[in-house]
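Visitor: build me a structure from this.
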Amino acid sequence: MKHMINVIIAVAVSLPASIEGFSPASFSQNFRPPTWLHSEVAIVEADADTIQTDAKEAVKLFGRLAEKYIMLDASAGLCCYSACTDCEYREPGGGYRMADQSSARPKWIPCYDHREFTSQGKEHTTKWSSEIFVDAPVVTKEEFVERVVNMEFSPPLGGPYLAASAAAIEDESVAMTLFDLLAGEKEKLTRHRMGKEMKVLSNGEEGLTWAMFSTALGAK
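Guide: Numbers count the residues shown, from 1 in each chain. Sure, this is the predicted structure:
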């Protein structure tokens, strides 16, 4: 209780003299201490638990897990991308449905372990699936960290640039943090859960970009 009182006092002291759209007088008339302060205390406590990671350490993981190729939408097909008015692959907003994408440097960590578009003759098994879940669909934290650390690094698209020669992982704490983020309170991580949790971290997209990955790990 004493700690919470100190937090509330600290928040109250740091209040600005005015808030955009409100004068000091109108602010005091509309202020609701009990509701507002409880909200601020929750925010202060949540901030204390936020994950923080060094960006260079995070990019060492991303460059091991990310790939140059990703499969996206099986309903998409061959397109000239010339903005044809009757194009069946054109989205209402102006974009295109794409079956897959490629990049010159590793750009995505696909959220699927294996994907196949039979009608297009395309198939892809992800790097993380084949190199982390080597002989079983489940790994312990120790196995996960060891296998991620031993994966080959390639300078990815996004994040601070690191040459492969400078990307050795000596501090395994970030890999451990990634395991905890994916496994939650579980002692083991399954292939299915890893894909599912990455889908959540990517906000429903088919792959994690550096922006999504670094945000999840609090990389700065």
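Visitor: the nearest residue to Gln120 once chain neighbours are set aside: neighbouring residues, count only.
Guide: Once flanking residues are discounted, Gln120 sits nearest to Ala99: 6.1 Å by CB to CB, 6 or more residues apart in numbering. Yep, even glycine has a C-beta here, placed from its N, CA and C like the rest. Using other CB atoms under 10 Å as the criterion, Ala99 is surrounded by 18 other residues.
Visitor: hang on, isn't Ala99 packed against Met71?
Guide: Yes - with contact defined as CB atoms under 8 Å, Ala99 and Met71 form a contacting pair (7.0 Å).
Visitor: spit out the contact partners of the closest residue to Pro137 other than its chain neighbours.
Guide: Nearest in space to Pro137, with sequence neighbours left out and distances taken as CB to CB, 6+ apart, is Arg191 at 4.5 Å. Under the criterion of CB atoms under 8 Å, 6 or more residues apart in numbering, the contact list for Arg191 reads 113, 129, 132-133, 137-138.
Visitor: which intervals of this structure have sub-threshold pLDDT?
Guide: 1-49, 75-97 (pLDDT under 70).
Visitor: could you pull out the strands for it?
Guide: With DSSP state E as the criterion, the chain has strands at 69-71, 100-102, 109-110, 114-117, 122-125, 138-140, 188-190, 207-208.
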